[in-house]
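**Q** Show me how the following folds:
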Amino acid sequence: MPIDIETFESSSEDRLQHSEETNADRVMQFLAANPNQAFTQSEVRDATDVKAGSISVVLSRLEDRGLVRHKGTYWAIGEADEVAAYTSVAESTRAANDRFGEEDMDEWLEHAVDDENPE
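**A** Okay, here's the model as predicted:
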C-alpha cells in the first residue's frame, strides 16, 4: 500500500522497511492496480506470491466481505464503495500503529472486561 509523502519524508529508513502486509493486502493491491481486468486464481497467486494453499481462502474471505467479485474461474476487484471502506480502515490502522505502536494482544487481554465475571 502506498504511504503519504509526509510519512515518507518524516520516517526513518528502518521504519519504512517494516511491513506487516497480509496476503489479503497483497491480493487487494494487485486487483486494485488492475481494475479493468479479471484474473484466475492461479494468476492472482502468481502475481502476489500468496501460497497455493492460501489463495483460495484469501479470495473467498475477500469475496464474503464484498471486496472482490467472482464469476466462473475469474476474480476481480469489488465495487468501489466496499473497496474504499476497506482501504480507509486499513490506512487508519496503519497510521495508528505507526504513531502509537502495534497493540499487544496479551496486554490488551489483561485489561479486557470479562462479561461472565465482571468485577
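**Q** And the lowest mean pLDDT element among the helices and strands of the chain?
**A** Across the helices and strands of the chain, mean confidence by mean pLDDT, DSSP states H and E is lowest for helix 80-100: a mean of 64.
**Q** quick one: the helices in the protein?
**A** 5-10, 13-17, 23-33, 41-48, 52-64, 80-100, 105-111 (DSSP state H).
**Q** And the contacts of the fourth one?
**A** Contact with helix 41-48 is made by 23, 26-27, 29-31, 39, 50-52, 55-56, 59, 73, 75, as judged by C-beta atoms under 8 Å, 6 or more residues apart in numbering. In this view, the C-beta of every residue, glycine as well, is placed from N, C-alpha and C.
**Q** what mean pLDDT does that helix have?
**A** The average pLDDT for helix 41-48 rounds to 96.
**Q** By pLDDT, rank the contacts of helix 41-48 and give me the bottom one.
**A** The minimum pLDDT among the contacts of helix 41-48 falls on residue 29, with 87.
**Q** Tell me who's in contact with the residue lying closest to residue 73 once chain neighbours are set aside.
**A** What sits nearest to residue 73 in space, not counting adjacent residues and going by C-beta to C-beta, 6 or more residues apart in numbering, is residue 40, at 5.2 Å. Listed by C-beta under 8 Å, 6+ apart, the contact set of residue 40 reads 73-75.
**Q** How about residue 36?
**A** Counting by C-beta under 8 Å, 6+ apart, residue 36 has no contacts.
**Q** what's the distance between it and residue 23?
**A** For residue 36, the distance to residue 23 equals 23 Å [C-beta to C-beta, to the nearest Å].
**Q** what do you get for residue 76?
**A** 18 Å.
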